[in-house]
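Colleague: got a predicted model here, sequence first, then my questions.
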Amino acid sequence: MNRSRPIQIALGVAISLFGAISASAQDATFEKLVAESRAEKPKFAERQQKLLAERYDLADAPAEGVTMSRGKPVQQGVRVRLPKDTTWESLAKMRPAEIKEGNLFPQGFYPLPHPHHESGGMVFPQPTIDETKKQTARDLTRFDLDFDLPQHLLPEFPPPLYLTSRTDLGDLSKGKLITLDNYYELFKEALNPKQLEGLRLLVTPFPQQQFNATDDRRSLHASLGVSCFDCHVNGHTNAATHTVGDVRPNEHRRRIETVTLRGLFVQRLFGSQRALKTVEDFTEFEQRAAYFDGDITLAAKKGINPLERGSQVHFMAEFQELLDFPPAPKLNVFGKLDPAQATPAELRGQELFFGKAQCATCHQAPYYTDNLMHNLKVERFFEEKMINGRLSSADGPIKTFPLRGIKDSPPYLHDDRLLTLEDTVEFFNLVLQTNLAAEEKADLVAFLRCL
């Protein structure tokens, strides 16, 4: 008689029972997380919407005759609310120390917190969630929070995609969201096999902190993850937000907007503050660290997918380096206005950009970047304070982003705190102390819309 047989059976039963208990415990833990998060969700959503309403005018007020590349109206006007009994002109005449002492720095110029800063993580605008689910059956909805900014203040969706290698084809997306479902059909005639494989990897979902198969995820069902193009939609941006993974403690972590990938071929620094030196570094870093908030232990637990540098990372980078800026018909080959096509206001704005307004100190033609990092030292204007879980403090050096195609990429600054180009001009007029008149600010905005 085989005496070990009953022992094996008993052991198998015990293991199965333990596994069932463990699975049950995990289910209970996840169900508790979902219930608690959903119960808290309205409180944090109300907190964020109250902050936005106090800071900004969120109305849908498009500029007449000004659109993004596929026709979405560009929002106009200064949306940042002023402190009581102040004007932009009076603030511009004050020294930073005076503004700080009087607590007069506009609330909309403070760092903008994540929609739920204590929780953080990737959050997607609703159009991306809806279309991704329709095409691929992946659900990018988080059960604990929603995106916070109104759709009319965001980039158009889906945005066009232009390639430096086939400028004759115009928008290669044909008005569609590029996903794993359609990328091959859209690009098989325009890309070589290596570039096509790079694009495939950019639209392939990989596990991420909030979207994965573990029981501490933030999606209701086990998820394949997210793809690069879930945020960098069609090689551009949908304004999806996150918090930086390289800063601790959590209250110092900055909200980051998804920057456009257009024009990577002229850039030499990547990441708003990390100063990554190549597109390959950026591509590899995103998968290894940004996807998991810089936590290597959670990355291992949730299913990190390291990319092979010599092939996969290189293929992805090669495709990204083909992404072109949108057409700018009023600019000549030097990136300056063609006087025959520009209006007097646009020409005056260009003169201000390269002169009194000091914009060109960092944003140099033809692509309007100097490929450097600059510290605006905005903390000169305010005392540190906690705002919705985010400690408003020094930002440090920030990358100079290219301004070509800037009207297609609202909101502005590295954390979305500036909703319009008019807000951006007011911000830099105050921070750089350039003392522009109202007419000069309007001319500067007119020029920026041409880039």
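Modeller: Perfect, I can see it now.

Colleague: any idea how far stretch 226-233 is from the chain center?
Modeller: 10 Å (CA atoms, centre = their mean, to the nearest Å).

Colleague: could you number the chain from 50 rather than 1 from now on?
Modeller: Taking 50 as the first residue, the last one we looked at is stretch 275-282.

Colleague: neighbouring contacts of it?
Modeller: The contact list for stretch 275-282 (CB atoms under 8 Å, 6 or more residues apart in numbering) reads 171, 173, 177, 181, 189, 206-208, 226-229, 250-255, 257, 260, 284, 286-287, 289, 291, 307, 309-310, 332, 335, 340, 365. Where C-beta positions appear, they are placed from N, C-alpha and C, glycine not excepted.

Colleague: so which of those sit within helices?
Modeller: Using DSSP state H, the members of the contacts of stretch 275-282 that fall in helices are T177, T181, L250, L251, T332, E335, M365.

Colleague: any idea how far the last one lies from P393?
Modeller: Distance, M365 to P393, by CB to CB, to the nearest Å: 45 Å.

Colleague: more neighbours, these two?
Modeller: Neighbour count, other CB atoms under 10 Å: between M365 and P393, M365 has more, with 27 against 10.

Colleague: I figured that one hits L251, correct?
Modeller: Yes - counting by CB atoms under 8 Å, L251 is a contact partner of M365 at 5.7 Å.

Colleague: show the end-to-end separation of stretch 232-248, please.
Modeller: Stretch 232-248 has an end-to-end distance of 8 Å (CA to CA, to the nearest Å).

Colleague: let me fix that, I meant to ask about stretch 431-438.
Modeller: End-to-end for stretch 431-438, by CA to CA: 17 Å.

Colleague: next, the buried residues of that stretch.
Modeller: For stretch 431-438, burial by neighbour count (16 or more other CB atoms under 10 Å) applies to F431, I436, N437, G438.

Colleague: wait, which of these is closest to D265?
Modeller: G438 (19.4 Å; CB to CB).

Colleague: in ChimeraX, how would I select the buried members of the contacts of stretch 275-282?
Modeller: Restricted to buried positions by 16+ other CB under 10 Å, the ChimeraX selection for the contacts of stretch 275-282 reads:
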select :171,173,177,181,189,206,207,208,226,227,228,229,250,251,252,253,254,255,257,260,284,286,287,289,291,307,309,310,332,335,340,365
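
Colleague: give me the neighbour count for L371.
Modeller: What L371 shows, counting by other CB under 10 Å, is a neighbour count of 20.

Colleague: what about it, distance to Q184?
Modeller: Distance from L371 to Q184, by CB to CB: 23 Å.

Colleague: how about stretch 366-382 as PDB, C-alpha atoms only?
Modeller: C-alpha atoms of stretch 366-382 as PDB (Å, rounded to 0.1, in the frame of the first residue of the first chain):
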ATOM      1  CA  ALA A 366      11.900  56.100 -30.200                       C
ATOM      2  CA  GLU A 367      12.300  56.100 -34.000                       C
ATOM      3  CA  PHE A 368       8.600  56.400 -34.500                       C
ATOM      4  CA  GLN A 369       8.300  59.200 -31.900                       C
ATOM      5  CA  GLU A 370      11.100  61.100 -33.700                       C
ATOM      6  CA  LEU A 371       8.900  61.200 -36.800                       C
ATOM      7  CA  LEU A 372       6.100  63.100 -35.100                       C
ATOM      8  CA  ASP A 373       5.800  66.500 -36.700                       C
ATOM      9  CA  PHE A 374       4.300  69.800 -35.500                       C
ATOM     10  CA  PRO A 375       1.000  70.900 -37.100                       C
ATOM     11  CA  PRO A 376       1.100  73.200 -40.100                       C
ATOM     12  CA  ALA A 377       1.700  76.900 -39.400                       C
ATOM     13  CA  PRO A 378       0.900  78.600 -42.800                       C
ATOM     14  CA  LYS A 379       1.900  82.000 -41.600                       C
ATOM     15  CA  LEU A 380       5.500  81.100 -40.700                       C
ATOM     16  CA  ASN A 381       8.400  81.200 -43.000                       C
ATOM     17  CA  VAL A 382      11.300  78.700 -43.100                       C
END
